[in-house]
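Asks: The following block contains a protein sequence and its predicted model.
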Amino acid sequence: MELVAPAHHYFPSFARALQEWDGTHQDGAGVRDAAAIADRVGFERWVDQLLAEETVPASPDHVTCTYRWIVEGDEYLGSIALRHELNDFLRSYGGHVGYGVRPSARGRGLASEALSRVVHLAGQRGLPEVMLTCDATNPASRRVIEHVGGRYERSVVDPDGHTLLHHWVRTGAHALPDVTDVDIVGGPEPLSVGLHEYDPAWAARYEEHRSRIADALDGQHVGIEHIGSTSVPGLAAKPIVDVAVAVPDVTDEAAYLGPLLAAGYVLRVREPGHRLVRTPERDAHVHVYEHGAQALDDYVLLRDRLHRDDADRRRYEDTKRALMERSWDDSNAYADAKTAVIEDIKARARAASRRSASPS
């Protein structure tokens, strides 16, 4: 199997594939009028249009796009398209990548191989991640997406009433090399804030920061979560709201750090894979990671476990209260001292998840 640019000499094979599709839509092919490409002249004109879309959109409603054909020798087997950006429609329903394999060539792993190569191509173009959608009633397409590392994010209903599953795939591309050292702006600080009983106002404060962050990063693919002890009702905590933000590329600080600083936050930590900004009043910490970072999954795992399990919530609070009886010249040392109990709680959460996923 090869991925090649569209070419005129594939007309005979493409015509046979078009008959197999029998008028149904072929994802990723760029076919907008099947009747217009039924003869060689129309086909060649269409191929030239596909090649031109690498640099010039087909219309104001389209984006630039790289088309590749899945072929074996002179036989056309399918198409895959990499859209270079997302407009409003693609962000909701289409994604960066569309693909289709002709019916007679399915079941051979062609879609998975083609998608893997196009994800690599997206990385070469500088895209840190790509979005793909599939119909909720098409488990084969979902398996193809998951095979290349797709992470399910949400479901939407398109204008025709079909439920579409949104997935994002990391390409491995970064704007810059990441930092290799830990830079704590201003140096270590003593722990000067004690534990407070749970305050429902913390949830409201999180919502204020969520809105501020969403406005600052409007138009970007970001995820925002309330994490840490203030996110767990009934748990005593330092009155500092922790927010986790997932961005496409943590090294692309121009995309997110500048807007967050302009929104009133100040930089506190820059370290591999992670940036931390906070309010000047130090009552909110915003942790920035890339989508899919293990740290993000761990934060949510711990939060959700403490929501559900009273015993672990009490154990965690007891540990914090015992540690707060000591003085801490470095607040990071206090955080590190909680590591053992946190890891133990997460281990139980993972074990519980495995048990619930196992067939009874």
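Replies: Now that the structure is in, tell me what you want to look at.

Asks: would you list every one of the strands in the stretch 151-300 of the chain?
Replies: For the stretch 151-300 of the chain, the strands defined by DSSP state E, counting those that start in this stretch cover 151-157, 163-170, 183-184, 223-227, 241-247, 266-271, 274-278, 284-290.

Asks: Mind listing what's buried along the longest one?
Replies: So that's strand 163-170. By 16 or more other Cβ atoms under 10 Å, the buried positions in strand 163-170 come out as 164-170. All C-beta spots, glycine's among them, are computed from the backbone N, C-alpha and C.

Asks: Which other helices and strands does it contact?
Replies: Packing contacts for strand 163-170, counted by 3 or more Cβ pairs under 8 Å, 6 or more residues apart in numbering; DSSP states H and E, involve strand 129-135, helix 139-147, strand 151-157.

Asks: now do 6 Å
Replies: strand 129-135, strand 151-157 (3 or more Cβ pairs under 6 Å, 6 or more residues apart in numbering; DSSP states H and E).

Asks: Check those strands for me and report the most buried one.
Replies: Burial of the helices and strands packed on strand 163-170 is given as mean neighbour count (mean count of other Cβ atoms under 10 Å); strand 129-135 ranks first at a mean of 22.

Asks: mean confidence for it?
Replies: Averaging pLDDT along strand 129-135 gives 97.

Asks: could you give the angle of it to strand 241-247?
Replies: 80 degrees (axes from the mean of the first three to the mean of the last three Cα atoms, to 10 degrees).

Asks: relative to helix 139-147, how tilted is strand 129-135?
Replies: Calculated by the same axes, to 10 degrees, strand 129-135 forms an angle of 160 degrees with helix 139-147.

Asks: Please export the C-alpha coordinates of strand 129-135 as CSV.
Replies: C-alpha atoms of strand 129-135 as CSV (Å, rounded to 0.1, in the frame of the first residue of the first chain):
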residue,chain,number,x,y,z
GLU,A,129,-2.7,17.2,17.4
VAL,A,130,-5.5,16.4,15.0
MET,A,131,-9.2,15.9,15.6
LEU,A,132,-11.2,13.1,14.0
THR,A,133,-14.9,12.3,14.2
CYS,A,134,-16.7,9.1,13.5
ASP,A,135,-20.4,8.1,13.6
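
Asks: can you list contacts of it?
Replies: 95-97, 122, 141-142, 145, 162, 164-170, 248 (Cβ atoms under 6 Å, 6 or more residues apart in numbering).

Asks: again, 7 Å this time
Replies: 86, 93-97, 119, 122, 141-142, 145, 150, 162, 164-171, 248, 291 (Cβ atoms under 7 Å, 6 or more residues apart in numbering).

Asks: and what of stretch 54-71?
Replies: With contacts defined as Cβ under 7 Å, 6+ apart, stretch 54-71 is touched by 1-6, 10, 30, 49-50, 53, 76-85, 87, 90, 101, 110, 114, 118, 121.

Asks: do stretch 342-352 as well
Replies: 298, 301-302, 305, 312, 316.

Asks: Enumerate every residue touching A255.
Replies: Applying Cβ under 7 Å, 6+ apart, the residues contacting A255 are 220, 247.

Asks: separation between it and V269?
Replies: 18 Å (Cβ to Cβ, to the nearest Å).

Asks: Same question for G258.
Replies: Distance from G258 to V269, by Cβ to Cβ: 17 Å.

Asks: go on, V247?
Replies: Where V269 is concerned, V247 sits at a distance of 15 Å (Cβ to Cβ).

Asks: More neighbours: those two, which one.
Replies: V247 (25 against 18; other Cβ atoms under 10 Å).

Asks: biggest helix in the protein by residues?
Replies: helix 339-357 (DSSP state H).

Asks: dump the residue contacts of V269.
Replies: By Cβ under 7 Å, 6+ apart, the contact set of V269 is 184, 275-276.

Asks: got JSON lines for those, with neighbour count too?
Replies: Compiled in JSON lines, the contacts of V269 are given as follows (neighbours: other Cβ atoms under 10 Å):
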{"residue": "I184", "neighbour count": "14"}
{"residue": "R275", "neighbour count": "23"}
{"residue": "L276", "neighbour count": "18"}
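
Asks: Turn those residues into TSV, including pLDDT.
Replies: Output for these, formatted as TSV (pLDDT from 0 to 100):
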residue	pLDDT
I184	95
R275	98
L276	98
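
Asks: Tell me the one of the residues you listed nearest E44?
Replies: Ranked by distance to E44 (Cβ to Cβ), the contacts of V269 are led by R275 at 50.8 Å.
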